[in-house]
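[1] coords please:
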Amino acid sequence: MRLPRLLFPILLLAFFSAWAAPDTVVARVGDRTITQADLDLQFELFLRQSSGGMQLSDEARAKLMGLKKQYLQRMVQDLVLVEEAEHRGLAPSQEMVDRRIQQSKSGLADEAAFQEALRRYGIPDEATYRRMVYEAMAYKALISDVRHKMKISSPAIKMIYLLSRDKFVKPELYCTSHIMLKTRQQAEEIIKKLEQGADFARLAMDNSEDKVSGARGGEVGCVLPDKVVPEYEAAMRRLQPGEYTHQPVRTKFGWHVILLTKHVPAEEIRYPEAWRQIHDEIEGEALDLYIKNLVRRAHPQIYLDRVQ
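    Below is the predicted model:
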């Protein structure tokens, strides 16, 4: 699992040692430190988000623990960016932070409900939450300012498009439904019923061994041709939309009766649509370089051997 490249949700942005009791220092950025306690809390919030708030099994948690040192490096990067925001006068005022916190409280019944919400997210108190909101706003303000000042010329984007037109193609798609049976004889009986006017979706729901697609009337969805087994691909390529296979198709999964519902030919992505894709890719790469340069100039000290 890769950590997100840019913005973390507000509850996952770095906050530091203001709330925690003294603990082992695992990283330093200038005069600021990140302690083991800071890392433990932030990483726990990351795990909660990764699981959608669900309780992780011991096995899943053990696997994710391997990301902890990588997560510390991300916390260091975030701290560097927050300090840069402060240096450039982009960090929020206390009044701005107050307004943001009041917005969070406005959707809740009372102060007790707010404190309960913090507890559910694993945030120990409002002071910690305030620090997190401040860091999140500072981080976002810096990234927004850098993006605003980037000048990516349209002629450069147009040149990239013209030199790489083979990359700007929407792929060919085949949209199918199928009925999967255990034997050829069963598949042949289904085909006879179709030839007599039976409804494909009803037959799929009543007979298909593929219970997932069967519940949808046999609908498989739209896929790239090479994403299905070769026998299935060959059969669906021979069909026209609305046609079904009049001979059973055998794959390693069983016997199939396949209905082609739609064929979407490959299509070139025209320049106006490609413009945004190229622009965002260039911007993302430039932003990555900017962040890496900031971190390099900050000379952070990261003590990975101390991480527990």
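
[2] Pull up the gap between the residue of the chain positioned farthest from its centre and residue 223, please.
    In terms of distance from the mean C-alpha position of the chain, residue 196 ranks first, at 46.7 Å (C-alpha atoms, centre = their mean). According to C-beta to C-beta, to the nearest Å, residue 196 and residue 223 sit 29 Å apart. Quick note: C-beta positions are derived from backbone N, CA and C, even for glycine.

[3] same question, residue 280
    26 Å.

[4] more crowded one of these two?
    Higher neighbour count among residue 280 and residue 223: residue 223, with 16 against 11, using other C-beta atoms under 10 Å.

[5] surely that one meets residue 178?
    No - Residue 223 is beyond contact range of residue 178, at 11.6 Å (criterion: C-beta atoms under 8 Å).

[6] Surely residue 28 and residue 301 touch.
    Yes - taking contacts as C-beta under 8 Å, residue 28 lies within contact range of residue 301: 4.4 Å.

[7] Which one's more surrounded, those two?
    Neighbour count, other C-beta under 10 Å: between residue 28 and residue 301, residue 28 has more, with 16 against 13.

[8] which strand residues sit across from that one in the sheet?
    Note on residue 28: beta-bridge partners by DSSP bridges are residue 33, residue 301.

[9] what residues are up against it?
    34, 300-301 (C-beta atoms under 8 Å, 6 or more residues apart in numbering).

[10] how about CSV for the residues you listed, with pLDDT and distance to residue 203 added?
    Below are the contacts of residue 28 laid out as CSV (pLDDT from 0 to 100; distance: C-beta to C-beta, whole Å):
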residue, pLDDT, distance to residue 203
34, 92, 61
300, 95, 64
301, 94, 67
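
[11] Closest one of those to residue 152?
    Nearest to residue 152 out of the contacts of residue 28 is residue 300 (C-beta to C-beta; 29.4 Å).

[12] so who does the closest one touch?
    Contacts of residue 300 by C-beta under 8 Å, 6+ apart are 27-29, 76, 79-80.

[13] The stretch 151-300 of the chain: strands as residue ranges?
    Assigned by DSSP state E, counting those that start in this stretch, the strands in the stretch 151-300 of the chain fall at 169-170, 173-181, 219-223, 249-251, 254-264, 267-268.

[14] Can you work out which other helices and strands pack against the last one?
    Which is strand 267-268. strand 169-170 (3 or more C-beta pairs under 8 Å, 6 or more residues apart in numbering; DSSP states H and E).

[15] got a list of contacts for the strand it packs on?
    Here strand 169-170 makes contact (C-beta under 8 Å, 6+ apart) with 264, 266-269.

[16] if you set the cut-off to 10 Å instead, what comes out?
    264-269, 273 (C-beta atoms under 10 Å, 6 or more residues apart in numbering).

[17] Hmm, residue 91 and residue 139 touching each other?
    Yes - the criterion here is C-beta atoms under 10 Å, and residue 139 meets it with residue 91 at 9.4 Å.

[18] Neighbours of residue 191, how many?
    Neighbours of residue 191 (other C-beta under 10 Å): 19.

[19] shaky segments in this protein?
    The chain contains residues with pLDDT under 70 at 1-22, 53.

[20] which stretches of it form helices?
    36-50, 58-64, 68-87, 94-106, 111-121, 126-149, 154-163, 184-195, 200-207, 211-214, 230-237, 271-298 (DSSP state H).

[21] can you put those in CSV and add distance to residue 248?
    Shown next, in CSV, are the helices of the chain (distance: least, C-beta to C-beta, whole Å):
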stretch, distance to residue 248
helix 36-50, 44
helix 58-64, 41
helix 68-87, 50
helix 94-106, 60
helix 111-121, 54
helix 126-149, 56
helix 154-163, 46
helix 184-195, 3
helix 200-207, 13
helix 211-214, 17
helix 230-237, 10
helix 271-298, 41
